[in-house]
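**Student:** just need the structure, nothing else, for what follows:
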Amino acid sequence: MSDTIKKLGEAELEIMQVIWDAEAAVSSGYILKELQGRRKWQLSTLMTSLARLAEKGFVNCDRSTGNNLYNWLISENEYKAGASRHFLERLYDNSIRNMIACLYDSKSIRSADVEELREFLDKIEAEYTGEEKIEN
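**Tutor:** Model prediction:
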């Protein structure tokens, strides 16, 4: 990932998922309720994690309403793109081909997955070149 976007731990990612999925800024109580069943946290534990997320630049806390409302500063897509780049660089020498080959060789993906990927890449290429793909 780039130097400006820090890595999220597993619990932090779960918190961010709740915030990203919400339509608007959310309270710590809302986050705690949404995490029920996944994490057995006290409010103090959540508040510590939210403070860490704010320090890392992921969330902002709006205190102007009397309620602390949390909203994201880094979008889900922005984080995923950075995390994916970092993952690809570290594990596969920045080669998507190496990653797919490893997954295929280890039988982690099936031929149907490869076909789905091929169709997706054809679609991207057609959009990139401005051509329409003709379906047979």
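
**Student:** only C-alpha atoms from now on, for both contacts and neighbour counts.
**Tutor:** Fine.

**Student:** tell me what the helix or strand in which residue 100 is found is packed against?
**Tutor:** Following DSSP states H and E, one finds residue 100 within helix 96-105. Counting contacts by 3 or more CA pairs under 8 Å, 6 or more residues apart in numbering; DSSP states H and E, helix 96-105 is packed against helix 76-92.

**Student:** phi, psi for residue 73 please.
**Tutor:** phi -110, psi -30 (degrees, to the nearest 10).

**Student:** surely it and residue 56 touch.
**Tutor:** No - the criterion here is CA atoms under 8 Å, and residue 73 misses it with residue 56 at 10.1 Å.

**Student:** could you dump the helix or strand containing residue 112 to CSV, C-alpha only?
**Tutor:** Secondary structure assignment for residue 112, by DSSP H and E: helix 111-129. Presented in CSV, the C-alpha positions along helix 111-129 are these (Å, rounded to 0.1, in the frame of the first residue of the first chain):
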residue,chain,number,x,y,z
SER,A,111,-11.7,-23.4,-15.0
ALA,A,112,-15.0,-21.6,-14.7
ASP,A,113,-13.3,-18.9,-12.6
VAL,A,114,-10.6,-18.5,-15.3
GLU,A,115,-13.4,-18.2,-18.0
GLU,A,116,-15.1,-15.6,-15.9
LEU,A,117,-11.8,-13.7,-15.6
ARG,A,118,-11.3,-14.0,-19.3
GLU,A,119,-14.7,-12.5,-20.0
PHE,A,120,-14.0,-9.7,-17.6
LEU,A,121,-10.7,-8.9,-19.1
ASP,A,122,-12.2,-8.9,-22.6
LYS,A,123,-14.8,-6.4,-21.4
ILE,A,124,-12.2,-4.2,-19.9
GLU,A,125,-10.1,-4.3,-23.1
ALA,A,126,-13.1,-3.5,-25.2
GLU,A,127,-13.9,-0.5,-23.0
TYR,A,128,-10.3,0.6,-23.0
THR,A,129,-10.0,0.5,-26.8
